[in-house]
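Enquirer: fold the stuff below for me.
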Amino acid sequence: MTTKLQQPPSPKRSFRFPAPQMRSLRFIFNPLQVMEGYAQQYPDCFSLTYENSPPVVYFYHPEAIRQIFTAPESWFKTSAKILLPIVGNNSLIVLSGDRHQSQRKLLMPPFHGARMQAYAKLITRITQDVISDWQPNRPFNVRQAMQEVSLKTILGAVFGLEQDEQDGELQKLLISLLDTVGSPLASSLLFFRGLQKDWGALSPWGRFLRRKEKIDSLLLAKIAQRRTEADPERTDILSLLLTARDEDGQPMTDEELKDELLTLLFAGHETTASAIAWALYLVERSPEVKSKLQQELSQVSVLEDPLAVTKLKYLTAIVQETLRIYPIAVNSFPRVCLKPIKIMDYWFEAETTFFVSIYLTHRRQDLYPQPDCFQPERFLTKQFSAYEYLPFGGGNRLCIGYAFAQFEMKLVLANIFSQFELTKVGQQPVRPTRRGVTVAPPGNMQMIAKLRS
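Expert: Residues are numbered from 1 along each chain as shown. A predicted model of the protein is given here:
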């Protein structure tokens, strides 16, 4: 017989939290502020209760994270329903159990090993194309520029180096789809299913659905074309997935391929673009960091030896510290326990939902003194465990593109800072803003690029 242990603390309702709906709105519009407020009251975890529903628990203590990440996958199911409208039912993000593991094995190889060398040339070429358009003393929109780099990069990795009209149309549609849920207000469409009503092409959800249908159609056409024009010499991700087979020797269906490609395109550009934009902002406002970075970059040939660039220690520390302060996802994907479970000194019934708060873990004073300060040096003097530093989640839900994302960040930053001095337009500090399910720099952040002498 199981002994019931203490329950994690739950914020009391007050005029600031009059109802779950209002609490949800605060999470949507000010997610970091709300979580920081809870963390000041409760140092390790807190739970949120909703009427007629099991509690939702947020953990940010390394030991709790270790227990969650190392627990058998059969103990949990994923609950990423919020992303279903974007990525589809067959996406790795929303799958659980054996099917999740099977798809994961098929998708892992393209993002590791020798293929990185080809990606290095691709990322360098695309970055140079984008930054060559920057005019002296003329502001450029940081997110748009980094979005162009990251989207063209993932399109090239997924479909191959050659681009056609369909890729250009797909690029525009992907950006417009994410823009329909890009503001804090528009993001509510993803969080409240009651708002997901198709009232025609001019309604918010109707506009979203029609853009999604066009993207699905383009991807299915790409898949059909590649099936009829099979080329064993191709090494792009789509070609590799077309030849991949599971343990039973079965290939992926068109619908599975479509959803996985959309997942790669969505997760592989929007999040990385935001991370690079954050890095540009943090380095620009830290003269000492920028000086050290430029000194390190002067020791290698950024254009001729991109792989050497990715091994630079201070550049790597800058990427790590950026992802600590502003992780790509502020929380891990929710895990719903399928059986009663004990975590630390707390007992939970089945169907309890767990979030690992990446953002709050990265802001723990006991792990990261002066957590609000941008200090890349902390990653040169200490190696953090996978339960203390986890910008890409962890356990069996670790993001499969984590190596690719950091690889891309290093190369883009190296190409920019080896050639330009950046100055942010305006003196006001940047505040994170909700963009879909992520938190990103504001879309109006601008910088001026001046060629280094």
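Enquirer: isn't there a strand covering Ile232?
Expert: In this structure residue 232 is Pro, not Ile. No - according to DSSP: H, G, I helix; E, B strand; the rest coil, the state of Pro232 is coil, so it is not within a strand.
Enquirer: next one: phi and psi at it?
Expert: Dihedral pair for Pro232: phi -60, psi -10, per degrees, to the nearest 10.
Enquirer: I'd like the numbering to begin with 38 instead of 1 from here.
Expert: Happy to do that; since the first residue is 38 now, the last one works out to Pro269.
Enquirer: pull the contacting residues for it.
Expert: By CB atoms under 8 Å, 6 or more residues apart in numbering, Pro269 lies in contact with nothing. (Glycine included, C-beta is placed from N, CA and C.)
Enquirer: how close does it get to Phe196?
Expert: 17 Å (CB to CB, to the nearest Å).
Enquirer: and if you look at Arg263?
Expert: Distance, Arg263 to Phe196, by CB to CB: 9 Å.
Enquirer: equivalent analysis for Val339, please.
Expert: For Val339, the distance to Phe196 - CB to CB - is 26 Å.
Enquirer: Ser394 too?
Expert: Taken as CB to CB, the span from Ser394 to Phe196 is 36 Å.
Enquirer: next one: Ile163
Expert: 14 Å.
Enquirer: just Gln184 next, same as before
Expert: Gln184 sits 18 Å away from Phe196, going by CB to CB.
Enquirer: go on, Leu144?
Expert: Here Leu144 is placed at a distance of 16 Å from Phe196 (CB to CB).
Enquirer: got it, and Asn67?
Expert: From Asn67 across to Phe196, the span is 38 Å (CB to CB).
Enquirer: what does Phe441 give?
Expert: Using CB to CB, we find Phe441 at a distance of 15 Å from Phe196.
Enquirer: and stretch 114-133, which residues are buried?
Expert: In terms of neighbour count (16 or more other CB atoms under 10 Å), stretch 114-133 has its buried residues at 114-117, 119-120, 122-125, 127-133.
Enquirer: likewise for stretch 107-115?
Expert: Under 16+ other CB under 10 Å, the buried positions of stretch 107-115 are Ala108, Glu110, Phe113, Lys114, Thr115.
Enquirer: work out the gap between that stretch and the centre of the chain.
Expert: Chain-centre distance of stretch 107-115: 22 Å, with CA atoms, centre = their mean, to the nearest Å.
Enquirer: that one spans what distance, first to last residue?
Expert: 15 Å (CA to CA, to the nearest Å).
Enquirer: who touches that stretch?
Expert: Counting by CB under 8 Å, 6+ apart, 130-134, 137-138, 370-376, 378, 391, 432-434 sit against stretch 107-115.
Enquirer: quick one, helices of the stretch 188-337 of the chain?
Expert: Using DSSP state H, counting those that start in this stretch, the helices of the stretch 188-337 of the chain run over 202-216, 221-228, 241-265, 274-280, 291-304, 307-321, 324-334.
Enquirer: who touches Trp315 in this structure?
Expert: Contacts of Trp315 by CB under 8 Å, 6+ apart are Thr359, Ile362, Tyr363, Pro478.
Enquirer: that one and Val179: what is the separation?
Expert: 10 Å.
Enquirer: next one: Tyr426
Expert: 25 Å.
Enquirer: same check on Thr164?
Expert: 14 Å.
Enquirer: find residues that contact each of Trp315 and Val179.
Expert: Common neighbours of Trp315 and Val179, using CB under 8 Å, 6+ apart, are Pro478.
Enquirer: the residue nearest to Thr290 when sequence neighbours are not counted in helix, strand or coil?
Expert: Counting by CB to CB, 6 or more residues apart in numbering, Thr290 lies nearest to Asn127, which is 7.9 Å off, once chain neighbours are set aside. On the three-state scheme (three-state DSSP), Asn127 is labelled coil.
Enquirer: over to Phe391?
Expert: Criterion first, three-state DSSP; result for Phe391: strand.
Enquirer: related to what we said a few turns ago, which one of Arg263 and Phe196 has more residues nearby?
Expert: Using other CB atoms under 10 Å, the more surrounded residue of Arg263 and Phe196 is Phe196, with 23 against 19.
Enquirer: got a list of what that one touches?
Expert: Neighbouring residues of Phe196 by CB under 8 Å, 6+ apart: Asp204, Lys259, Asp273, Ile274, Leu275.
Enquirer: and what of Tyr426?
Expert: Taking CB under 8 Å, 6+ apart, we find Tyr426 in contact with Gln357, Arg361, His399.
Enquirer: and of these, the nearest to Lys348?
Expert: Using CB to CB, Gln357 is the member of those that lies nearest Lys348, at 13.8 Å.
Enquirer: right, and the closest one touches Gln412 too?
Expert: No - Gln357 is not in contact with Gln412 according to CB atoms under 8 Å; the separation is 10.7 Å.
Enquirer: what's the most buried one of the helices of the stretch 188-337 of the chain?
Expert: With neighbours taken as mean count of other CB atoms under 10 Å, these reach their highest mean count in helix 307-321, at a mean of 24.
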